[in-house]
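> Quick one, structure for this:
(chains A and B)
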Number of protein chains: 2
Amino acid sequence: MSSQESLALRKEVLLAAIAQGKIAEANHTLAKLHPSDVADVLESLSDADRLVVLRALPAELASETLAEMEEDEHAADLLAAMTPHRGAKLLSELADDDATDLVADLQPEERARILAEMSVEDAGEIRELLAYPEESAGGIMTAAVVSVPETLTAGQAIEEVRRQGREVEDFYTVWVVDGGGRLVGTVPLDDLILAEPEDPVSTLVEPVAAAVSPDEDQEEVGRLMARYNLPTVPVVDPGGRLLGRITFDDVLDVMEAEQTEDILRFGGVPNDESLGASWVAAVRTRLPWLVLNLLTATAAALVVYFYADTVESAVILAVVMPVIAGMGGNAGSQALAVTVRRLALRDDVGADPRAVVGKEVLVGLVNGAVLGGLVAGASLLVPGGDPRLGLVVLISMWGTMLMAGFGGAFIPMLLHRLGFDPAVASSVFLHTTTDLLGFMLLLGLATALLM
Amino acid sequence: MSSQESLALRKEVLLAAIAQGKIAEANHTLAKLHPSDVADVLESLSDADRLVVLRALPAELASETLAEMEEDEHAADLLAAMTPHRGAKLLSELADDDATDLVADLQPEERARILAEMSVEDAGEIRELLAYPEESAGGIMTAAVVSVPETLTAGQAIEEVRRQGREVEDFYTVWVVDGGGRLVGTVPLDDLILAEPEDPVSTLVEPVAAAVSPDEDQEEVGRLMARYNLPTVPVVDPGGRLLGRITFDDVLDVMEAEQTEDILRFGGVPNDESLGASWVAAVRTRLPWLVLNLLTATAAALVVYFYADTVESAVILAVVMPVIAGMGGNAGSQALAVTVRRLALRDDVGADPRAVVGKEVLVGLVNGAVLGGLVAGASLLVPGGDPRLGLVVLISMWGTMLMAGFGGAFIPMLLHRLGFDPAVASSVFLHTTTDLLGFMLLLGLATALLM
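Numbering: from 1, shown residues only, chains lettered A, B, ... in the order given. Here you go, the predicted structure:
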């Protein structure tokens, strides 16, 4: 896309200017960019340059840029490096949810210093939002809403929206509340404009398709918005009082981040490794996981060790071993991917777990019969091939594939039921099980039938 | 969440009523639900019941329900089973993009029959949208926009918005165009309401942060909306004329579907297997992929076969083999997950591919040294352990982990450059490479040093 290309070009020009110390010139260009693009440029700079450039930006752009930075630690470092006064000024420019996200990444003493410089009202709002867990609805909501009492007319409501709207950015939806602040419904802004001024708001109220409590998981909020096509979801307390709202753009960010997390976990990167992490950070997140996998791989190795005599006298078994282990792993990954995703989307899994497992077992049975047949056939072609060996290979491949289907569905569902994240933990258990069973079947049967 | 639970309960009551043939009673309850929830209930019914229930629903709800169904084929089957007249009526109730999605899944002759029953205008709109590829910006956009000439005042613009808004659902953004229909910018609806009526629109125009061409990939549209926090993105032709818009809810659906696709591909389910697919369909998508993997596994097996004499005289090698292959696979998956995700997000990969590969090689070197040391140490503890064996194990594990890091970064980047989807094809190549290299190093070095 040409606008993306020109952005890349502009970024290079900017980086060159900053490298030559032409900060004023660079900031002149930066001031014309969207804060997300400015954040992108800052991410490419050294820690020192980043601070110099940010310092020279006007407060509004500087604050939005901080809010849009991908690496939360970079933003926190910048905020901590400013005077508390400047930090407080930048935070007060931001929407309460963005300000809270930035403050959340600060050390407690830095946080206290900056909050002390803010107005009592702004600091109070941030403290309230800080109380919610970061990945909950409360953690991504903003308390800034536009709401009107149900007793107004459309004309009065528009006046009220104009008044409140000066304080609230991008409100999208006008909420309707009763005398006790309880959420009654919503009047879409477009309906309000299209209505006659004397229409009572109560005749325009639409029920909300969904409302969430502040402790709802942020991913579930995204699913509700996608399901009901909502630009904003209201957050209400147990008594039904309107606490705040979550907007589609918070949720788009959440979905992108969760998608990254899901793929990384599925690939066996268990902790939060940022995509641009240094090699040191990458070793730190990945090595413990590999060591855990090494322990489970040792279990499979011990099975082979136990049957060492059998392998020694029929070394063809050592040739077949990696094929059975590899195919078990592949088929298991397939069943696992489908089941993990069904669980994530709260598909029909809850309704009938037996049907989910049953399907994967059937798939394993069929695929195992075909692949087992192929490998058994191939093993007969080896010089000195023995029909009994073919039978052993067929049964072990079949059993392994069956186990892969069963485990690929059962293990993530069990972990999910027990409250663990099935995406990250399932694969160790699954691959250990298929390896163990595959080697035991192959070598155990071979010992019984061939020795 | 309690509202979700009551939904599940209501669904069971409904299904029971429908099973007993109480269609009128069931439809009375369905009429109070959101179309997405009605679609959910319909998905649980048999093909015959589904048609009976849909027939009894009022046209508006029936059409929205069709649009919200997860399984496109179910919706297409229902539409095809109606009279063309009723089908045309339901389609004309829908937004043009939803109507187009439904029509796209019909057989050509059914499509022609239904379009012939629609008004020339509606049918023309759908035909225009059908011309765009399904996963492009044009394929998810709606041509229904609210736009005002830049020459109006805010008051006149509000009148114009009220007039156009009656025809256009959920428009969110008011576009500003010049005399030639070219996009000049946008006036957010809230700014328009907050402005004084006599303010000229031209003073309120904000530039658009992003616009896309109709052939832009739908995933890229989602990334732009998340990056710039946009509820809608305009679609413009090469001359800058406004063709339509894409709204956040289309993009949420796209992101959810792409996330499913990515996880499934990463797990080795290459084609579009729907999560609720039957076991027959699952076998059909997965078996060809497993057979391909079997061929590559055979390559690794041939290496073992080639060194059969070595394995026979030092059977401990057969014990170490699965550990080396397994760890290579695990480390490779980690590098692959990170790189695939960097490519998907168009992270800094393009800027410096060598740095990306270099990092993964370093990670492989460090992790390989640690894990190789552990396994080499353990192999010395085996009765009759040989220091030369320890050295062979150390070097092979190290080499395999290095290869896993290199391949895990290089292979997806190469495939991406060549225009293939790196998520699905990388793992076969990667695991074949690590298995081959691991076995060659282990058995080749053992042959040279131990025999």
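> quick one, domains of chain A?
A:2-131, A:147-255, A:279-450 (automatic domain parsing).
> just those domains: most buried one?
Mean neighbour count (mean count of other C-beta atoms under 10 Å in any protein chain shown) peaks for domain A:279-450 among the domains of chain A, with a mean of 21. For every residue, glycine as well, the C-beta is placed using N, CA and C.
> What's the end-to-end length of it?
Taking C-alpha to C-alpha, to the nearest Å, the first and last residues of domain A:279-450 lie 49 Å apart.
> dump the residue contacts of the residue of the stretch 301-450 of chain A found nearest chain B.
Residue of the stretch 301-450 of chain A nearest chain B, by C-beta to the nearest C-beta: residue A:337 (2.4 Å). Shown in contact with residue A:337 (C-beta atoms under 8 Å, 6 or more residues apart in numbering or on different chains): A:266, B:263, B:264, B:266, B:267, B:268, B:269.
> ok, is the helix ranked longest in chain A in contact with chain B or not?
Assignment by DSSP state H gives helix A:387-417 as the longest helix of chain A. No: legend: contact between helix A:387-417 and chain B by C-beta under 8 Å from any C-beta of the partner chain is lacking; minimum distance shown is 8.5 Å.
> Where does pLDDT dip in chain A?
Across chain A, the ranges flagged by pLDDT under 70 are A:1-7, A:271, A:346-351.
> Grab the nearest non-local neighbour of the spatially most central residue of it.
Central residue of chain A (C-alpha atoms, centre = their mean): residue A:258, 1.0 Å from the mean position. Excluding its sequence neighbours, the residue lying closest to residue A:258 (C-beta to C-beta, 6 or more residues apart in numbering or on different chains) is residue A:219, at 5.5 Å.
> ok, now residue A:421?
Closest to residue A:421 by C-beta to C-beta, 6+ apart is residue A:265, at 6.9 Å.
> Now do the helix or strand containing the one you found: which elements does it pack against?
For residue A:265, the element it lies in under DSSP states H and E is helix A:248-266. On a contact count with 3 or more C-beta pairs under 8 Å, 6 or more residues apart in numbering or on different chains; DSSP states H and E, helix A:248-266 meets helix A:137-140, helix A:218-228, helix A:316-344, helix A:422-450, helix B:218-228, helix B:248-266, helix B:316-344.
> Serialize those to JSON lines and add fields for distance to residue B:117.
Formatted as JSON lines, these follow (distance: least, C-beta to C-beta, whole Å):
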{"stretch": "helix A:137-140", "distance to residue B:117": "45"}
{"stretch": "helix A:218-228", "distance to residue B:117": "30"}
{"stretch": "helix A:316-344", "distance to residue B:117": "39"}
{"stretch": "helix A:422-450", "distance to residue B:117": "47"}
{"stretch": "helix B:218-228", "distance to residue B:117": "30"}
{"stretch": "helix B:248-266", "distance to residue B:117": "26"}
{"stretch": "helix B:316-344", "distance to residue B:117": "42"}
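> how about those helices, which one is nearest residue A:251?
Distance to residue A:251, taken as C-beta to C-beta, is lowest for helix A:218-228 among those, at 4.4 Å.
> farthest-separated two in the contacts of residue A:337?
Maximum pairwise distance among the contacts of residue A:337 (C-beta to C-beta): 12.0 Å, between A:266 and B:269.
> neighbours around the residue of the stretch 151-300 of chain A found nearest chain B, how many?
Using C-beta to the nearest C-beta, the single residue of the stretch 151-300 of chain A nearest to chain B is residue A:267, 2.4 Å away. Applying other C-beta atoms under 10 Å in any protein chain shown, we find 27 residues neighbouring residue A:267.
> Spell out the residue ranges of the strands in the stretch 1-150 of chain A.
Taking DSSP state E, counting those that start in this stretch as the test, the strands found in the stretch 1-150 of chain A are A:147-149.
> what separates the nearest residue to residue A:403 once chain neighbours are set aside from residue B:294, distance-wise?
Leaving out its chain neighbours, the residue that sits closest to residue A:403 by C-beta to C-beta, 6+ apart is residue A:437, at 4.9 Å. As judged by C-beta to C-beta, to the nearest Å, residue A:437 and residue B:294 stand 19 Å apart.
> try residue A:352
Residue A:352 is 32 Å from residue B:294, where distance means C-beta to C-beta.
> my read: residue A:408 touches residue A:329, true?
No: the pair residue A:408 / residue A:329 is not scored as a contact, 10.3 Å apart, by C-beta atoms under 8 Å.
> Next up, the contacts around the residue nearest to residue A:421.
Per C-beta under 8 Å, 6+ apart, neighbours of residue A:265: A:421, A:423, A:424.
> Can you report phi and psi for the residue lying farthest from the centre of chain A?
Here chain A reaches farthest from its C-alpha mean at residue A:384, the gap being 53.6 Å by C-alpha atoms, centre = their mean. When read as degrees, to the nearest 10, the backbone of residue A:384 gives phi 80, psi 20.
> repeat for residue A:134
Dihedral angles for residue A:134 - degrees, to the nearest 10 - are phi -60, psi -30.
> What about it, how many residues nearby?
Applying other C-beta under 10 Å, we find 13 residues neighbouring residue A:134.
> Identify the residue nearest it in space, chain neighbours excluded?
Nearest in space to residue A:134, with sequence neighbours left out and distances taken as C-beta to C-beta, 6+ apart, is residue A:104 at 6.4 Å.
> Up against chain B, what does the stretch 101-250 of chain A have?
Close to chain B, as judged by C-beta under 8 Å from any C-beta, the stretch 101-250 of chain A has residues A:158, A:161-162, A:165-166, A:170-172, A:188-190, A:193-194, A:209-213, A:216, A:220, A:222-223, A:225-231, A:248-249.
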